[in-house]
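Enquirer: What shape does this take:
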Amino acid sequence: MENRYARLRLNTAICLSFLSLCSCLEVNNDTIGIEAYSGEYICISLDRYFETLQAIVEKEGPVPEKINNLYGLSWLEGFLYDESLQEIILIGKTIKERPVFHAEDLIVNFHNVTDSICAPYCSLDPYPENVLRFKEQMNKMLTEGDIQTFDSHVIGGQKIVTGGVPRNSGHAKTMVFADYDLKKISQGLLEIKEIRSCLDISESLSDEINRNTFSRFWLCIDSIDDMKRPLPSFVQSNGLVLIDKCPVIVLTEEQVADEKGRLSDDKAAKNIISETFAAECSEKYSLLASENNLFAGLENLFRLQACLRAIAEAGMLQNSEKLKTIINNMTVNTEDSMPESLPGLVNYTITETKNQRRFFVVAGGVDQYLKIMPTNFRKKTSLSRLAREIKKTRPSGDAVYWETTIQVKKKGFLDHFKVKETGKVRK
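Expert: Numbers count the residues shown, from 1 in each chain. Modelled structure (predicted):
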């Protein structure tokens, strides 16, 4: 007689509060199509930039788009400290496919690095009563084996929690909605080529999972590289500091709910499905960023945090009291407010297997905590010439920004420089 198999899989996103890092996955996170230390670079003097911005704000005039958009900067590669002028110069590129940085990003992240007690983070927190109702629904379906008994409304809304930056800032919104899109991808509600949803993965690994699971995913920067060196890492020479590695990854942890519907980590539990999803997202994060601007924007903010914290670690802000005063006196006003919550997400698939009913629940957040210490930096003497040329090609001491084209020989030595465009403080 032919065997009847029935398997029910439910993948739903409820939300979990932000928690600390637990485990890291080995990744290869090279950014697609962006060559380091070569090409056309934008150089922006932070001191002159904020002087310009302050003058515009004091006159209550509109901020020109090119100034608000940091002259098209969309890939931050590092910074240079010009000791003779005691100025900090941001260095990066314009990548048309990526979102640009904004003046607001600089302001709220400077405030965070110099004043905040915590790094930027976000989470989508479940209401305990909804967790209990959801567990009741799962138990009912496991007992009755009838998908029709599932009511998606029990998942309810997800409370948005943010910290480290203003709730209504563009930074906070990028974190929250990138996290929300990650939930959609994990459930197959949003498709990204070459990245499988948890439902797709559970198809191929179904025989290896024999229990119901709650999993959470969150986005952060990996803490160590393959050589056990701390991340993010930087190379430096002659006042020039460039990002070497700053890989965004996805981490995962199993969750358990107590009798009151409160969720906590179950560190002893493992889930090969959620671990596989996290590993694929980590390994292919550059693909995520190229397909979805929210992930590119989130990567931008990680790199900005890395640079600003490296600036603070190097003590460069101690000689920039005027810059700090200008930035600290600036506020951010945003017209669009962050919603209190986002709708719960649910997706499921039904296939056949013998006497098994299994549910996969996923959630997550964003953690931008970065620990920058002297061990995160290493010398790279070949950058000395680049540092000199960036300062040399500056048109004048009051130039706000300039562009320098860098071509690198096959052996990695800097070969050619030229100034393409300049910007000055208008008095």
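
Enquirer: And the helices in this structure?
Expert: 46-58, 65-68, 103-115, 128-144, 170-187, 198-204, 272-283, 285-291, 293-313, 321-328, 384-392 (DSSP state H).

Enquirer: So Val366 sits against Cys122, correct?
Expert: Yes. Val366 lies in contact with Cys122 (CB atoms under 8 Å); the separation is 4.9 Å. For every residue, glycine as well, the C-beta is placed using N, CA and C.

Enquirer: which one of the two has more residues nearby?
Expert: Each of Val366 and Cys122 has its neighbours counted (other CB atoms under 10 Å); Cys122 has more, 30 against 24.

Enquirer: does the more buried one really touch Lys173, like I thought?
Expert: No. Cys122 lies out of contact with Lys173 (CB under 8 Å); the separation is 9.2 Å.

Enquirer: Near Glu97, how many other residues are there?
Expert: So Glu97, with other CB under 10 Å, has 12 neighbours.

Enquirer: State the number of residues packed around the residue nearest to it when sequence neighbours are not counted.
Expert: Among residues not flanking Glu97 along the chain, Ser290 sits closest, at 6.7 Å (CB to CB, 6 or more residues apart in numbering). Using other CB under 10 Å, the number of residues around Ser290 comes to 18.

Enquirer: for Glu313, same thing?
Expert: For Glu313, the neighbour count with other CB under 10 Å is 18.

Enquirer: got a list of what it touches?
Expert: Ile372, Met373, Pro374, Asn376 (CB atoms under 8 Å, 6 or more residues apart in numbering).

Enquirer: Need the per-residue pLDDT for the residue nearest the centre of the chain.
Expert: Note on the chain: the residue nearest the mean C-alpha position is Leu298, at 3.5 Å, using CA atoms, centre = their mean. Note for Leu298: predicted pLDDT of 98.

Enquirer: Which residues are in contact with the spatially closest residue to Leu298 that is not a sequence neighbour?
Expert: The spatially closest residue to Leu298, leaving aside those adjacent along the chain, is Ala178, at 4.4 Å (CB to CB, 6+ apart). Going by CB under 8 Å, 6+ apart, Ala178 touches Leu219, Asn292, Leu294, Phe295, Gly297, Leu298, Val366.

Enquirer: contacting residues for the closest residue in space to the last one that isn't next to it in sequence?
Expert: Going back to what we said before, that points to Val366. If the residues on either side of it in the chain are set aside, Val366 comes closest to Met175, at 4.3 Å by CB to CB, 6+ apart. By CB under 8 Å, 6+ apart, Met175 lies in contact with Pro120, Tyr121, Cys122, Thr162, Leu298, Leu301, Val366, Gln368.

Enquirer: From Leu219, how far off is the third one?
Expert: In this structure, Cys122 and Leu219 are 9 Å apart, going by CB to CB, to the nearest Å.

Enquirer: Then Ser123?
Expert: 11 Å.

Enquirer: List the buried residues in stretch 35-53.
Expert: Across stretch 35-53, burial judged by 16 or more other CB atoms under 10 Å covers 36-39, 41-53.

Enquirer: my bad, stretch 246-262
Expert: Here stretch 246-262 shows Cys246, Pro247, Val248, Ile249, Val250, Leu251, Thr252, Glu253, Glu254, Gln255, Ala257, Gly261 as buried, counting by 16+ other CB under 10 Å.

Enquirer: Do I have it right that the residue nearest to Glu97 meets Ile195?
Expert: No. Under the criterion of CB under 8 Å, Ser290 makes no contact with Ile195, lying 11.7 Å away.

Enquirer: Now do Asp125: how many residues are near it, please.
Expert: Other residues close to Asp125 by other CB under 10 Å number 18.
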